[in-house]
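> sharing a model that was predicted from the sequence below.
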Amino acid sequence: MSVIQEGLAWINGEFLPLEKARVSVEDRGFQFADGIYEVIRVYDGKPFTFREHLERLKTSAFLIGIDPRMIKADFQEIGMELISRSGIKDAELYIQITRGRAPRSHVFPKGIPPTVLISIRSVRPLPLDAEKNGISAITYPDIRWARCNIKSISLLANVLAKEEARNASAYEAIFIREGLITEGASSNIFLLHQGVLLTPPADWRILRGITRDILMALAIKEGIKVSQEELKKDLIYEAEEVFITSTAIEILPVVKVDGRVIGKGTPGSTFKLLHRRFKEYVEFRIGGKNKGDEGL
Ligand code: PMP
(Lines give C-alpha, C1' and ligand atoms only; values in the text may rest on other atoms or scores of the structure.)
Protein backbone atom coordinates (compact mmCIF):
# COMPACT_ATOMS: atom_id res chain seq x y z
CA MET A 1 0.00 0.00 0.00
CA SER A 2 1.44 3.33 -0.92
CA VAL A 3 1.31 6.25 1.44
CA ILE A 4 -0.30 9.30 -0.15
CA GLN A 5 1.89 12.28 0.63
CA GLU A 6 0.62 15.76 0.81
CA GLY A 7 2.93 18.22 -0.88
CA LEU A 8 4.06 19.63 -4.15
CA ALA A 9 7.38 19.62 -5.95
CA TRP A 10 9.10 21.57 -8.68
CA ILE A 11 11.77 19.50 -10.29
CA ASN A 12 13.90 20.66 -13.21
CA GLY A 13 11.18 22.95 -14.52
CA GLU A 14 8.04 20.95 -13.77
CA PHE A 15 5.42 21.14 -10.99
CA LEU A 16 4.28 17.73 -9.70
CA PRO A 17 2.65 16.18 -6.65
CA LEU A 18 5.53 15.41 -4.29
CA GLU A 19 5.11 11.68 -4.54
CA LYS A 20 5.26 11.82 -8.37
CA ALA A 21 8.55 13.75 -8.47
CA ARG A 22 11.46 11.61 -9.74
CA VAL A 23 15.21 11.76 -10.29
CA SER A 24 17.44 9.32 -12.13
CA VAL A 25 19.19 6.51 -10.23
CA GLU A 26 22.33 8.00 -11.78
CA ASP A 27 21.75 11.30 -10.07
CA ARG A 28 24.84 12.10 -8.03
CA GLY A 29 22.63 12.94 -5.07
CA PHE A 30 21.45 9.33 -5.05
CA GLN A 31 24.88 7.83 -5.81
CA PHE A 32 27.19 9.99 -3.70
CA ALA A 33 25.02 12.34 -1.61
CA ASP A 34 26.77 14.90 -3.80
CA GLY A 35 24.58 17.88 -3.10
CA ILE A 36 23.38 20.58 -0.77
CA TYR A 37 20.04 21.75 0.60
CA GLU A 38 18.05 24.34 2.51
CA VAL A 39 14.85 24.27 4.55
CA ILE A 40 12.85 27.49 4.67
CA ARG A 41 9.95 28.00 7.00
CA VAL A 42 6.72 29.47 5.62
CA TYR A 43 4.40 31.23 8.08
CA ASP A 44 0.91 32.13 6.94
CA GLY A 45 1.90 31.77 3.29
CA LYS A 46 5.03 33.93 3.66
CA PRO A 47 8.58 32.58 3.58
CA PHE A 48 10.68 33.61 6.57
CA THR A 49 14.31 34.70 6.02
CA PHE A 50 14.26 33.46 2.41
CA ARG A 51 17.11 35.83 1.51
CA GLU A 52 19.40 34.43 4.23
CA HIS A 53 18.67 30.84 3.21
CA LEU A 54 19.40 31.59 -0.46
CA GLU A 55 22.67 33.26 0.51
CA ARG A 56 23.69 30.17 2.48
CA LEU A 57 22.62 27.92 -0.40
CA LYS A 58 24.87 29.89 -2.75
CA THR A 59 27.75 29.58 -0.29
CA SER A 60 27.22 25.81 0.06
CA ALA A 61 27.12 25.47 -3.76
CA PHE A 62 30.34 27.43 -4.08
CA LEU A 63 32.06 25.37 -1.36
CA ILE A 64 31.32 22.08 -3.16
CA GLY A 65 32.21 23.45 -6.59
CA ILE A 66 28.75 23.74 -8.14
CA ASP A 67 28.76 26.76 -10.42
CA PRO A 68 25.81 28.96 -9.38
CA ARG A 69 25.48 30.13 -13.02
CA MET A 70 24.52 26.54 -13.95
CA ILE A 71 21.54 26.67 -11.57
CA LYS A 72 18.58 27.74 -13.67
CA ALA A 73 15.85 28.34 -11.14
CA ASP A 74 14.26 31.47 -9.71
CA PHE A 75 13.89 30.22 -6.14
CA GLN A 76 11.77 33.13 -4.96
CA GLU A 77 9.32 32.84 -7.84
CA ILE A 78 9.03 29.04 -7.70
CA GLY A 79 8.77 29.11 -3.90
CA MET A 80 5.84 31.55 -4.08
CA GLU A 81 4.23 29.49 -6.84
CA LEU A 82 4.52 26.32 -4.71
CA ILE A 83 2.92 28.12 -1.78
CA SER A 84 0.00 29.36 -3.84
CA ARG A 85 -0.53 26.15 -5.87
CA SER A 86 -0.36 23.87 -2.82
CA GLY A 87 -2.40 26.15 -0.57
CA ILE A 88 -0.14 25.09 2.34
CA LYS A 89 0.22 28.14 4.55
CA ASP A 90 2.40 26.81 7.35
CA ALA A 91 5.02 24.95 5.47
CA GLU A 92 8.57 23.87 4.99
CA LEU A 93 10.02 24.79 1.63
CA TYR A 94 12.84 22.41 0.76
CA ILE A 95 15.51 23.14 -1.82
CA GLN A 96 17.97 20.48 -2.89
CA ILE A 97 20.66 20.87 -5.51
CA THR A 98 22.84 17.99 -6.64
CA ARG A 99 25.71 17.90 -9.09
CA GLY A 100 23.35 16.32 -11.63
CA ARG A 101 23.02 13.06 -13.51
CA ALA A 102 26.05 11.28 -14.94
CA PRO A 103 27.46 7.72 -15.22
CA ARG A 104 28.84 6.76 -11.81
CA SER A 105 32.38 8.04 -11.35
CA HIS A 106 33.75 10.01 -8.43
CA VAL A 107 35.27 12.89 -10.38
CA PHE A 108 33.05 15.84 -11.30
CA PRO A 109 31.24 15.30 -14.61
CA LYS A 110 31.76 18.22 -16.96
CA GLY A 111 29.07 20.49 -18.36
CA ILE A 112 25.99 18.80 -16.92
CA PRO A 113 23.25 20.86 -15.27
CA PRO A 114 22.70 20.44 -11.53
CA THR A 115 19.47 18.74 -10.46
CA VAL A 116 17.20 21.22 -8.69
CA LEU A 117 14.32 20.14 -6.48
CA ILE A 118 12.10 22.61 -4.67
CA SER A 119 9.26 21.16 -2.65
CA ILE A 120 6.67 22.18 -0.12
CA ARG A 121 4.94 20.28 2.62
CA SER A 122 3.19 21.08 5.88
CA VAL A 123 5.33 21.78 8.91
CA ARG A 124 6.08 18.69 10.96
CA PRO A 125 4.41 18.82 14.36
CA LEU A 126 6.69 19.36 17.36
CA PRO A 127 6.71 16.74 20.11
CA LEU A 128 3.74 17.22 22.41
CA ASP A 129 4.12 20.24 24.73
CA ALA A 130 7.77 20.64 23.72
CA GLU A 131 7.72 24.43 24.10
CA LYS A 132 5.86 24.25 27.40
CA ASN A 133 7.68 21.39 29.13
CA GLY A 134 10.95 21.13 27.20
CA ILE A 135 12.58 18.16 25.51
CA SER A 136 15.21 15.58 26.39
CA ALA A 137 18.50 15.15 24.58
CA ILE A 138 21.41 12.75 24.61
CA THR A 139 25.06 13.40 23.83
CA TYR A 140 26.56 11.46 20.94
CA PRO A 141 30.05 11.33 19.41
CA ASP A 142 30.41 13.74 16.49
CA ILE A 143 31.43 11.24 13.83
CA ARG A 144 30.77 13.64 10.96
CA TRP A 145 33.26 14.99 8.45
CA ALA A 146 35.32 18.16 8.73
CA ARG A 147 33.09 20.45 6.63
CA CYS A 148 30.03 20.74 8.84
CA ASN A 149 29.69 24.39 7.78
CA ILE A 150 28.40 23.13 4.40
CA LYS A 151 24.72 22.22 4.37
CA SER A 152 25.38 18.90 2.68
CA ILE A 153 22.68 16.30 1.96
CA SER A 154 25.11 13.69 3.28
CA LEU A 155 23.42 13.26 6.66
CA LEU A 156 24.10 9.65 7.61
CA ALA A 157 25.89 10.50 10.86
CA ASN A 158 23.03 12.85 11.79
CA VAL A 159 20.51 10.11 10.99
CA LEU A 160 22.36 7.60 13.19
CA ALA A 161 22.54 10.12 16.02
CA LYS A 162 18.83 10.95 15.81
CA GLU A 163 17.90 7.28 15.86
CA GLU A 164 20.02 6.77 18.96
CA ALA A 165 18.20 9.71 20.56
CA ARG A 166 14.86 8.19 19.70
CA ASN A 167 15.92 4.85 21.14
CA ALA A 168 16.68 6.71 24.37
CA SER A 169 13.24 8.42 24.25
CA ALA A 170 15.00 11.73 23.57
CA TYR A 171 14.28 14.26 20.84
CA GLU A 172 17.75 15.49 19.93
CA ALA A 173 21.31 14.21 19.92
CA ILE A 174 24.01 16.72 20.85
CA PHE A 175 27.28 16.03 19.07
CA ILE A 176 30.53 15.96 21.05
CA ARG A 177 33.82 16.29 19.15
CA GLU A 178 37.08 15.86 21.08
CA GLY A 179 35.34 16.65 24.35
CA LEU A 180 33.64 19.79 22.99
CA ILE A 181 29.97 20.43 22.33
CA THR A 182 29.38 21.20 18.65
CA GLU A 183 25.66 21.20 17.76
CA GLY A 184 22.55 19.08 17.59
CA ALA A 185 21.95 16.48 14.87
CA SER A 186 19.60 19.00 13.23
CA SER A 187 19.94 22.11 15.39
CA ASN A 188 22.34 24.56 17.02
CA ILE A 189 22.82 24.66 20.77
CA PHE A 190 22.91 27.38 23.42
CA LEU A 191 23.80 27.15 27.11
CA LEU A 192 22.99 29.77 29.69
CA HIS A 193 25.87 29.64 32.14
CA GLN A 194 26.26 32.14 34.97
CA GLY A 195 23.91 34.42 33.09
CA VAL A 196 25.94 34.38 29.86
CA LEU A 197 24.51 32.85 26.70
CA LEU A 198 27.15 30.52 25.28
CA THR A 199 27.25 28.85 21.87
CA PRO A 200 30.08 27.20 19.93
CA PRO A 201 31.82 29.38 17.32
CA ALA A 202 30.67 29.14 13.68
CA ASP A 203 33.67 27.31 12.27
CA TRP A 204 34.00 24.04 10.30
CA ARG A 205 32.53 22.07 13.18
CA ILE A 206 28.98 23.42 12.91
CA LEU A 207 26.38 24.69 10.50
CA ARG A 208 25.95 28.41 11.07
CA GLY A 209 22.21 28.31 11.66
CA ILE A 210 20.04 31.17 10.54
CA THR A 211 17.92 30.76 13.67
CA ARG A 212 21.14 30.78 15.73
CA ASP A 213 22.16 34.15 14.29
CA ILE A 214 18.72 35.61 14.92
CA LEU A 215 18.69 34.32 18.48
CA MET A 216 22.08 35.84 19.24
CA ALA A 217 20.97 39.20 17.86
CA LEU A 218 17.74 39.08 19.90
CA ALA A 219 19.65 38.20 23.06
CA ILE A 220 22.11 41.07 22.58
CA LYS A 221 19.16 43.43 22.05
CA GLU A 222 17.81 42.26 25.42
CA GLY A 223 21.12 43.10 27.08
CA ILE A 224 22.07 39.45 27.54
CA LYS A 225 25.79 38.79 27.22
CA VAL A 226 26.48 36.38 24.36
CA SER A 227 29.74 34.54 23.83
CA GLN A 228 30.78 32.23 21.00
CA GLU A 229 33.37 29.92 22.47
CA GLU A 230 34.49 26.31 22.71
CA LEU A 231 32.32 24.50 25.27
CA LYS A 232 33.46 21.44 27.18
CA LYS A 233 30.94 18.63 27.33
CA ASP A 234 30.38 18.80 31.10
CA LEU A 235 29.27 22.42 30.88
CA ILE A 236 25.98 21.19 29.49
CA TYR A 237 25.06 19.47 32.77
CA GLU A 238 26.01 22.57 34.78
CA ALA A 239 24.07 25.05 32.64
CA GLU A 240 21.14 26.99 34.10
CA GLU A 241 19.35 26.60 30.78
CA VAL A 242 19.95 24.79 27.49
CA PHE A 243 18.13 25.38 24.26
CA ILE A 244 18.34 24.27 20.66
CA THR A 245 17.42 26.25 17.54
CA SER A 246 16.52 25.50 13.95
CA THR A 247 14.23 26.63 11.17
CA ALA A 248 11.83 23.75 11.80
CA ILE A 249 11.68 23.86 15.61
CA GLU A 250 12.47 27.57 16.13
CA ILE A 251 13.70 27.45 19.76
CA LEU A 252 13.11 24.56 22.12
CA PRO A 253 14.18 24.27 25.75
CA VAL A 254 16.22 21.19 26.69
CA VAL A 255 15.41 20.10 30.24
CA LYS A 256 17.23 16.79 30.39
CA VAL A 257 20.53 15.62 28.88
CA ASP A 258 21.67 11.99 29.19
CA GLY A 259 18.98 11.53 31.83
CA ARG A 260 20.38 14.39 33.96
CA VAL A 261 18.13 17.30 34.81
CA ILE A 262 19.18 20.73 33.46
CA GLY A 263 18.62 23.70 35.78
CA LYS A 264 15.24 23.37 37.44
CA GLY A 265 14.07 20.81 34.91
CA THR A 266 11.60 23.22 33.33
CA PRO A 267 11.94 25.86 30.58
CA GLY A 268 13.82 28.82 32.05
CA SER A 269 13.06 32.55 32.00
CA THR A 270 15.71 33.31 29.35
CA PHE A 271 14.19 30.73 27.03
CA LYS A 272 10.73 32.18 27.61
CA LEU A 273 11.89 35.73 26.91
CA LEU A 274 13.83 34.84 23.75
CA HIS A 275 11.07 32.56 22.50
CA ARG A 276 8.61 35.45 22.81
CA ARG A 277 11.02 37.83 21.07
CA PHE A 278 11.55 35.28 18.30
CA LYS A 279 7.80 35.01 17.67
CA GLU A 280 7.59 38.82 17.55
CA TYR A 281 10.46 38.91 15.09
CA VAL A 282 8.71 36.40 12.83
CA GLU A 283 5.61 38.64 12.90
CA PHE A 284 7.76 41.64 12.08
CA ARG A 285 9.43 39.94 9.11
CA ILE A 286 6.34 38.40 7.57
CA GLY A 287 3.73 40.95 8.56
CA GLY A 288 2.36 44.26 7.40
CA LYS A 289 4.27 46.53 5.06
CA ASN A 290 7.50 44.66 5.63
CA LYS A 291 8.60 42.79 2.52
CA GLY A 292 10.30 40.19 4.66
CA ASP A 293 13.76 41.47 3.81
CA GLU A 294 14.60 43.62 6.78
CA GLY A 295 17.20 42.15 9.07
CA LEU A 296 17.61 42.82 12.76
N1 PMP B 1 22.83 22.40 12.53
C2 PMP B 1 22.42 21.37 11.78
C3 PMP B 1 23.30 20.16 11.68
C4 PMP B 1 21.19 21.41 11.12
O5 PMP B 1 20.78 20.38 10.36
C6 PMP B 1 20.36 22.56 11.28
C7 PMP B 1 19.02 22.61 10.63
N8 PMP B 1 19.11 22.87 9.27
C9 PMP B 1 20.84 23.61 12.06
C10 PMP B 1 22.08 23.50 12.68
C11 PMP B 1 20.03 24.88 12.24
O12 PMP B 1 20.07 25.70 11.10
P13 PMP B 1 18.89 26.72 10.75
O14 PMP B 1 18.62 27.52 11.97
O15 PMP B 1 19.45 27.56 9.65
O16 PMP B 1 17.72 25.90 10.32
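That came through fine.
> who are the packing partners of the helix or strand bottoming out on mean pLDDT in the chain?
In the chain, the helix or strand scored least confidently by mean pLDDT, DSSP states H and E is helix 130-133, which has a mean of 94. Secondary-structure packing of helix 130-133 (3 or more CB pairs under 8 Å, 6 or more residues apart in numbering; DSSP states H and E): strand 250-257. Where you see a C-beta, it was placed from the backbone N, CA and C, and this is true even at glycine.
> what lines up beside the strand it packs on in the sheet?
Sheet partners assigned to strand 250-257 using DSSP bridges are listed as strand 135-141 (parallel), strand 241-246 (antiparallel), strand 260-261 (antiparallel).
> looking at these, which is buried most?
Highest mean neighbour count of those: strand 241-246, a mean of 26 (counted as mean count of other CB atoms under 10 Å).
> any part of stretch 46-66 near the ligand?
No - for stretch 46-66, no contact with the ligand is found by CB under 6 Å from any ligand atom; the gap never falls below 7.2 Å.
> check which residues of that stretch are buried.
For stretch 46-66, the neighbour count (16 or more other CB atoms under 10 Å) marks 46-50, 52-54, 56-57, 60-61, 64, 66 as buried.
> what about it, distance to the chain center?
Computed by CA atoms, centre = their mean, to the nearest Å, the separation of stretch 46-66 from the middle of its chain amounts to 12 Å.
> what ranges of the stretch 101-250 of the chain fall below the confidence cut-off?
In the predicted model of the stretch 101-250 of the chain, no residue satisfies pLDDT under 70.
> what parts of the chain come near the ligand?
Within the chain, the residues that sit near the ligand (CB under 6 Å from any ligand atom) are 39, 183, 186-188, 207, 209-212, 245-247.
> where do the domain boundaries of this protein fall?
Domain assignment for the chain by automatic domain parsing gives 8-122, 130-285.
> let me see the ranges of the helices in this structure.
28-32, 50-63, 75-86, 130-133, 156-167, 210-221, 235-238, 269-286 (DSSP state H).
> by neighbours, which of the residues of the chain next to the ligand wins?
residue 183 (28 neighbours; other CB atoms under 10 Å).
> number of nearby residues for the closest residue to that residue other than its chain neighbours?
Distances taken as CB to CB, 6 or more residues apart in numbering place residue 206 nearest to residue 183, at 4.4 Å, with adjacent residues excluded. Residues lying near residue 206 (other CB under 10 Å) number 23.
> and for residue 41?
For residue 41, using other CB under 10 Å, the count is 24.
> could you do residue 234 as well?
Count around residue 234 with other CB under 10 Å applied: 10.
> next: residue 143.
Residue 143 has 12 nearby residues by other CB under 10 Å.
> contact partners for the spatially closest residue to it that is not a sequence neighbour?
Distances taken as CB to CB, 6+ apart put residue 157 closest to residue 143, at 4.9 Å, once the chain neighbours are dropped. Shown in contact with residue 157 (CB atoms under 8 Å, 6 or more residues apart in numbering): 142, 143, 144.
> any idea which of the strands paired with strand 250-257 gets closest to residue 30?
Nearest of the strands paired with strand 250-257 to residue 30, taken as CB to CB: strand 241-246 at 25.3 Å.
> a markdown table for the helices of the chain, including distance to residue 17?
A markdown table is the format used below for these (distance: least, CB to CB, whole Å):
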| stretch | distance to residue 17 |
| --- | --- |
| helix 28-32 | 20 |
| helix 50-63 | 23 |
| helix 75-86 | 9 |
| helix 130-133 | 30 |
| helix 156-167 | 25 |
| helix 210-221 | 29 |
| helix 235-238 | 43 |
| helix 269-286 | 27 |
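> which of these sits closest to residue 102?
Taking CB to CB, helix 28-32 is the member of the helices of the chain nearest to residue 102, at 6.5 Å.
> tell me which other helices or strands that closest one touches.
Packing partners of helix 28-32 (3+ CB pairs under 8 Å, 6+ apart): strand 91-98.
> pLDDT score for residue 287?
Residue 287 carries a pLDDT value of 88.
> quick check: closest non-adjacent residue to residue 31.
Residue 31's closest residue in space is residue 104 (CB to CB, 6+ apart), at 5.4 Å.
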